[in-house]
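Enquirer: Predicted coordinates and the sequence they were generated for:
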Protein chains: 2
Amino acid sequence: MAEKDDNVVFIGKKGIMSYVLAVVTQFNNGESSVVIKARGRAISRAVDVAEIVRQRFVQGVTPENIKIDTEEIEGDEGPVKVSAIEITLSKK
Amino acid sequence: MAEKDDNVVFIGKKGIMSYVLAVVTQFNNGESSVVIKARGRAISRAVDVAEIVRQRFVQGVTPENIKIDTEEIEGDEGPVKVSAIEITLSKK
């Protein structure tokens, strides 16, 4: 599911290109920066999305800020900790 | 395989704690910063390693710099592109 909160794209279990398209669309709609967020195993895919957007689709985009953190989410057996990433892509 | 090049720890297919231990050891040996590198699916694990070291093992460590990039590696059918991450953990 690609949640969209203004200029945020949250990476889930869809195909990579769905998220690439979501990010590209935001830049095409005039956003100067887009934040790509992911947790757990989806973190690798978040980096793939950022790299594909940057190298193939939008000129002059750079990963301006990358943050990592640990978030607590509700698991089947109570709260569990997962790693998270936030990649801010900015257009010059 | 945990390749070690000075203060670099490369994330492979071993258990997470092997890499956590490798990073913690470097800090204990007096390094003021350790670089965690990973490619492809291992990127999520690199973030896990950084977060576990920071939150459970070494006081005052912060992810000072995080870079993402695309690298070309040799696949079975010629060169393939993979995403890569480089997390520099620094101790104050």
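Expert: Yep, it's here. Worth saying up front: this structure is predicted, and the values here are computed from it rather than measured.
Enquirer: C-alpha only now, for contacts and for neighbours.
Expert: OK.
Enquirer: what's the spacing between the longest helix seen in chain A and its chain's center?
Expert: As far as residue count goes, and with DSSP state H defining each element, the longest helix of chain A is helix A:16-28. Relative to its chain's centre, helix A:16-28 lies at 10 Å (CA atoms, centre = their mean, to the nearest Å).
Enquirer: Please name the residues that touch the spatially most central residue of chain A.
Expert: Closest to where the C-alpha atoms of chain A average out (CA atoms, centre = their mean) is residue A:36, at 2.0 Å. Residues in contact with residue A:36, defined by CA atoms under 8 Å, 6 or more residues apart in numbering or on different chains, are A:8, A:9, A:10, A:11, A:46, A:50, A:86, A:87, A:88, A:89.
Enquirer: Most neighbours among these, which one is it?
Expert: In terms of neighbour count, residue A:46 stands highest of the contacts of residue A:36 at 28 neighbours, by other CA atoms under 10 Å in any protein chain shown.
Enquirer: So that one sits against residue A:38, correct?
Expert: Yes: taking contact to mean CA atoms under 8 Å, the distance of 6.1 Å between residue A:46 and residue A:38 places them in contact.
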